[in-house]
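In: Okay, structure incoming, though there's no sequence with it:
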């Protein structure tokens with residue numbers, strides 16, 4: 001998702017509502033860990049005028065990234081028609097953002113801790129706004145892809161700091177309520193995003209899916225200038241692992257390019273080179289992170305088999321989710337003939353289920369342990385995905401769409417809160433923020449790889465968005481593949497997880513420490 005008591009700014013890959021909700025929970029845990037442990041002197045009260053302004057600033061700031069992801073998925077068919085772009089290019093419009101966001105989000109959190117969360121948050125908002133402008137006026141599809149990559153960097157800068165500022169700015173007794181309000185209103189923003197995006201596309205242009213961020217950014221910056229508390233972070237020792245972040249980008253870019261290009265022209269020379277670059281970068285990344293003093297990804301944290309298992313489940317399940325949320329809204333427009341507004345709000349029930357029941361799902365997991373929900377949840381999600389195979393020409397919402405969306409949402413709601421809690425509980429307490437950041441990045445990387453692999457599995461190539469019959473055929477193969485992948489995540493959880501993950505008695509010698 002990076003979701004209220006669950007995971008920021010999804011998502012999978014930047015995706016639609018529930019994934020954004022998932023991203024929020026990881027950001028929440030990251031904020032709690034990286035913020036000052038002592039109460040901030042002179043901290044804000046939530047009931048105060050300034051406190052409400054700061055809360056609004058963080059909601060709007062982090063909401064920009066989540067809403068943008070939702071709108072972009074809805075806008076893809078129109079973008080494809082504008083540029084006469086093949087499906088592979090539409091993939092890159094999604095993938096470029098997810099790639100840089102996943103690769104730099106850990107670095108963004110470190111920058112905030114070192115140079116001030118408010119400062120990095122503001123820089124991220126400005127960066128995101130400028131990149132959004134570049135997206136909105138992009139003259140070619142290639143320019144749009146590049147601008148989307150820049151957007152992802154902005155999102156990686158602003159996302160970790162939004163909740164961290166709430167944690168450090170408010171007095172201790174008001175922090176939980178402030179974060180809860182942020183999560184709730186963030187869920188509302190996610191829910192209305194598809195409607196707003198579809199409406200903008202139908203009455204104006206897909207370009208407003210990006211340009212809408214500019215007035216939002218101006219409001220955020222004005223609030224930050226007048227009401228945001230001054231940074232108290234004085235920096236920390238060590239160096240920034242810029243090389244590690246760069247190798248991460250190179251790894252993901254190489255693998256994504258090879259997977260995306262393989263379906264269009266076969267692996268070929270370009271794809272082979274990209275695959276080699278990705279593999280070499282991955283090896284170099286592991287060697288560098290093992291040797292450097294201040295790694296962006298301390299590998300020792302994976303010494304815990306439990307932590308590794310939870311993140312493996314995350315990667316698998318979110319890989320399948322990325323496929324579903326990308327293709328569903330396109331299927332409804334290209335094959336079923338729906339408008340952008342109707343397609344955009346089709347998944348609203350999933351978001352509403354997450355908003356209403358995620359906290360209760362977390363409570364249940366705290367009593368029973370996470371294994372049951374992390375096993376059954378993905379299996380229920382897989383059933384919902386298979387129900388979406390009913391969507392075809394002249395699809396009826398109540399008969400063909402709603403049952404699959406509701407079943408999928410129930411499975412997602414059952415799984416996400418326990419998954420996030422387990423990701424934190426299986427890491428040492430002092431690395432809780434790092435653990436949530438890793439889990440967030442793993443989720444986004446899973447979605448990124450899932451979206452990149454679609455053409456090789458389904459034959460969704462060329463101008464398929466202009467061919468309803470061909471797209472429908474590819475959609476069905478993709479949904480079955482996504483259901484199998486998501487179910488595999490549930491089976492892995494059932495086989496490898498234990499229910500003593502969440503309690504405090506997890507042996508510390510089994511928790512990875514670097």
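Out: Received it, and whenever you're ready, just let me know what you need. From a predicted model like this one, the values you see are computed outputs, not experimental measurements.
In: Tell me how many other residues crowd the closest residue to residue 62 other than its chain neighbours.
Out: Spatial nearest neighbour of residue 62, chain neighbours left out: residue 162 (4.1 Å); criterion: CB to CB, 6 or more residues apart in numbering. All C-beta spots, glycine's among them, are computed from the backbone N, C-alpha and C. Residues within reach of residue 162, counting by other CB atoms under 10 Å, total 30.
In: So which other helices or strands are in contact with the helix or strand where residue 162 lies?
Out: Residue 162 is part of helix 141-169 when elements are defined by DSSP states H and E. Counting contacts by 3 or more CB pairs under 8 Å, 6 or more residues apart in numbering; DSSP states H and E, helix 141-169 packs against helix 17-34, helix 49-83, helix 87-115, helix 117-136, helix 172-203.
In: I'd like to know which of those helices lies nearest to residue 497.
Out: When the helices and strands packed on helix 141-169 are compared by CB to CB, helix 17-34 sits nearest residue 497, at 18.4 Å.
In: what's the spacing between residue 361 and residue 401?
Out: Look at residue 361 and residue 401: by CB to CB, to the nearest Å, they are 24 Å apart.
In: returning to what we had before: any idea which of the helices and strands packed on helix 141-169 gets closest to residue 347?
Out: Closest approach to residue 347 among the helices and strands packed on helix 141-169 (CB to CB): helix 17-34, 6.2 Å.
In: okay, now residue 281: neighbour count?
Out: Residue 281, neighbours per other CB under 10 Å, totals 21.
In: now residue 72
Out: There are 25 residues near residue 72, going by other CB under 10 Å.
In: circling back: could you give me the average pLDDT of the helix holding residue 162?
Out: The average pLDDT for helix 141-169 rounds to 85.
In: Kindly report the same for stretch 277-290.
Out: In this model, stretch 277-290 has a mean pLDDT of 91.
In: Give me the contacts around that stretch.
Out: Residues outside stretch 277-290 that contact it (CB atoms under 8 Å, 6 or more residues apart in numbering) are 241, 243-244, 247-248, 250-255, 257-258, 295-299.
In: which of those residues count as buried?
Out: 241, 243-244, 247-248, 250-255, 257-258, 295-298 (16 or more other CB atoms under 10 Å).
In: Just the ones in strands from those residues, please.
Out: Among the buried ones among the contacts of stretch 277-290, none falls in strands (DSSP state E).
In: Could you tell me which of the residues you listed belong to helices?
Out: 243-244, 247-248, 250-255, 257-258 (DSSP state H).
In: on that earlier part again, any idea which of the helices and strands packed on helix 141-169 is most buried?
Out: helix 17-34 (a mean of 31; mean count of other CB atoms under 10 Å).
In: so which helix or strand takes in the residue nearest to residue 257 when sequence neighbours are not counted?
Out: Nearest non-adjacent residue to residue 257, counting by CB to CB, 6+ apart: residue 274, 4.0 Å away. Taking DSSP H and E as the criterion, residue 274 maps to helix 268-291.
In: After that helix, which helix or strand is next? Please name it.
Out: Sequence order places helix 305-334 as the next helix or strand after helix 268-291, per DSSP H and E.
In: Can you name the residues in contact with the next helix or strand after that next one?
Out: Remark: after helix 305-334, the chain's next helix or strand is helix 340-344, criterion DSSP H and E. Helix 340-344 has contacts (CB under 8 Å, 6+ apart) with 70-71, 74-75, 77-78, 193-195, 197-199, 201-202, 329-330, 332-333, 397.
In: What is the subsequent helix or strand relative to helix 340-344?
Out: helix 348-368.
In: now that following helix against helix 305-334, angle please.
Out: Computed with axes from the mean of the first three to the mean of the last three CA atoms, to 10 degrees, the direction of helix 348-368 lies at 160 degrees from that of helix 305-334.
In: related to what we said a few turns ago, could you report the neighbour count for the residue nearest to residue 257?
Out: Neighbours of residue 274 using other CB under 10 Å come to 22.
In: Considering helices and strands only, name the one in the protein with the lowest mean pLDDT.
Out: helix 17-34 (a mean of 43; mean pLDDT, DSSP states H and E).
In: Residue 71 touches residue 209, doesn't it?
Out: Yes - applying CB atoms under 8 Å as the test, residue 71 and residue 209 come out as touching, 4.0 Å apart.
In: Between the two, which contacts overlap?
Out: 197, 200-201.
In: which of these lies closest to residue 446?
Out: For the shared contacts of residue 71 and residue 209, the minimum distance to residue 446 (CB to CB) is 23.9 Å, reached by residue 197.
In: Spatially nearest residue to that closest one (excluding sequence neighbours)?
Out: Of all residues not flanking residue 197 in the chain, residue 71 sits nearest, at 3.1 Å (CB to CB, 6+ apart).
In: Kindly report the same for residue 140.
Out: Spatial nearest neighbour of residue 140, chain neighbours left out: residue 83 (6.7 Å); criterion: CB to CB, 6+ apart.
In: who touches that neighbour in this structure?
Out: Applying CB under 8 Å, 6+ apart, the residues near residue 83 are 89, 140-141, 144.
In: With distance to residue 219 added, can I get those in TSV?
Out: Output for the contacts of residue 83, formatted as TSV (distance: CB to CB, whole Å):
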residue	distance to residue 219
89	32
140	30
141	30
144	25
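In: so which two of those are the farthest from each other?
Out: The most widely separated members of these, counting by CB to CB, are 89 and 140 (9.9 Å).
In: Can you tell me which of the shared contacts of residue 71 and residue 209 is nearest residue 366?
Out: The nearest member of those to residue 366, counting by CB to CB, is residue 197 at 35.8 Å.
In: that older thread, what's the closest of the ones in helices among the buried ones among the contacts of stretch 277-290 to residue 337?
Out: Taking CB to CB as the measure, residue 337 sits nearest to residue 257 out of those, at 33.1 Å.
In: Tell me the pLDDT of that closest one.
Out: With respect to pLDDT, residue 257 scores 80.
In: these two touch, right, it and residue 268?
Out: No - Residue 257 is beyond contact range of residue 268, at 11.1 Å (criterion: CB under 8 Å).
In: circling back to that earlier point, tell me which residues touch the residue nearest to residue 197, please.
Out: 193-194, 196-197, 200-201, 209, 212, 344.
In: State the distance from it to residue 343.
Out: To residue 343, residue 71 is 12 Å away according to CB to CB.
In: cool, residue 355 as well?
Out: Taken as CB to CB, the span from residue 355 to residue 343 is 21 Å.
In: between the two, who's got more neighbours?
Out: Taking neighbours as other CB under 10 Å, residue 355 and residue 343 compare with residue 343 leading, 26 against 23.
In: burial measure for the closest residue to that one other than its chain neighbours, as a count.
Out: Once flanking residues are discounted, residue 343 sits nearest to residue 332: 4.0 Å by CB to CB, 6+ apart. Residues contacting residue 332 under the criterion other CB under 10 Å number 25.
In: Touching, residue 332 and residue 391? I think so.
Out: Yes - counting by CB under 8 Å, residue 391 is a contact partner of residue 332 at 6.7 Å.
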